[in-house]
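> I need the structure of the sequence given here:
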Amino acid sequence: MRSLAIRRWNDLREALTTAPDSRTWFACALVYAAFLLAAGSIGLASGLLHPTTPHLSMRDALVAGVLLLIQPALIEEIVFRGLLLPRDAQTMPRHRLAAVAATALAVYVASHPVNAWLFRPAVLGLFASPVYLVLAALLGLACTIAYFISRSIWPPVVIHWLTVVTWIWFLGGQELLRRSA
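Got it, this is the predicted structure:
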């Protein structure tokens with residue numbers, strides 16, 4: 001067990017200090033484009049996502065952007081990709097890697113309603129809704145694939161951050177969170 005913890009810690013340290021090259025960023029951008037196509041279609045068709053205009057001052061947008069970069073993007077990616085997944089997918093047999101990745105993804109998805117229940121009960125209905133959970137699963141899958149492609153935490157952080165900021169500012173997330181609260 002101690003050996004596993006040391007490997008995960010070393011993987012996280014390496015993932016935090018690895019800067020992907022332009023080809024890797026491009027591959028991760030393709031993964032993100034596929035995510036956007038799938039999640040956008042589901043979110044718009046369900047009504048969970050709807051185009052809006054942000055109601056934030058420039059200062060509030062900057063503060064919110066920085067806060068969203070830290071939580072959920074950086075912290076969740078450190079936990080659910082950097083600490084739970086091997087940095088090098090080749091170090092595990094495929095069937096075991098698939099099981100570990102599926103478990104990490106399931107824990108990631110489940111963390112959303114659990115966190116709402118514990119810390120923001122007013123938004124539990126939103127965070128536990130089937131469409132929201134499907135979109136969270138798709139985001140987690142895209143971040144997992146980007147992590148395995150890049151062996152770096154930074155592409156998943158960027159994907160996660162861009163998704164949350166876009167949802168809150170431009171696709172009705174701010175309104176849904178305010179209405180649920």
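
> Give me the distance between residue 64 and residue 141.
Using C-beta to C-beta, to the nearest Å, residue 64 is found at 26 Å from residue 141. Bear in mind the C-beta positions are built from the backbone N, C-alpha and C, glycine included.

> Contacts for stretch 116-125, please.
With C-beta atoms under 8 Å, 6 or more residues apart in numbering as the contact definition, stretch 116-125 has outside contacts at 113, 126, 127, 128, 177, 180, 181.

> and if we set it to 10 Å?
112-115, 126-128, 132, 176-181 (C-beta atoms under 10 Å, 6 or more residues apart in numbering).

> Return the members of the residues you listed classed as buried.
In terms of neighbour count (16 or more other C-beta atoms under 10 Å), the buried residues within these are 112, 113, 126, 127, 132, 176, 177, 180.

> Following the chain past whichever strand or helix holds residue 126, name the next helix or strand.
Using DSSP states H and E, residue 126 sits in helix 124-127. Moving toward the C-terminus from helix 124-127, the next helix or strand (DSSP H and E) is helix 130-150.

> Report the buried residues of that following helix.
By 16+ other C-beta under 10 Å, the buried positions in helix 130-150 come out as 132, 134-150.

> ok so, going back, distance to residue 57 and pLDDT for the buried ones among the contacts of stretch 116-125 - can I get that in JSON lines?
Output for these, formatted as JSON lines (distance: C-beta to C-beta, whole Å; pLDDT from 0 to 100):
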{"residue": "112", "distance to residue 57": "28", "pLDDT": "98"}
{"residue": "113", "distance to residue 57": "31", "pLDDT": "98"}
{"residue": "126", "distance to residue 57": "25", "pLDDT": "97"}
{"residue": "127", "distance to residue 57": "27", "pLDDT": "97"}
{"residue": "132", "distance to residue 57": "28", "pLDDT": "98"}
{"residue": "176", "distance to residue 57": "21", "pLDDT": "92"}
{"residue": "177", "distance to residue 57": "18", "pLDDT": "91"}
{"residue": "180", "distance to residue 57": "23", "pLDDT": "77"}
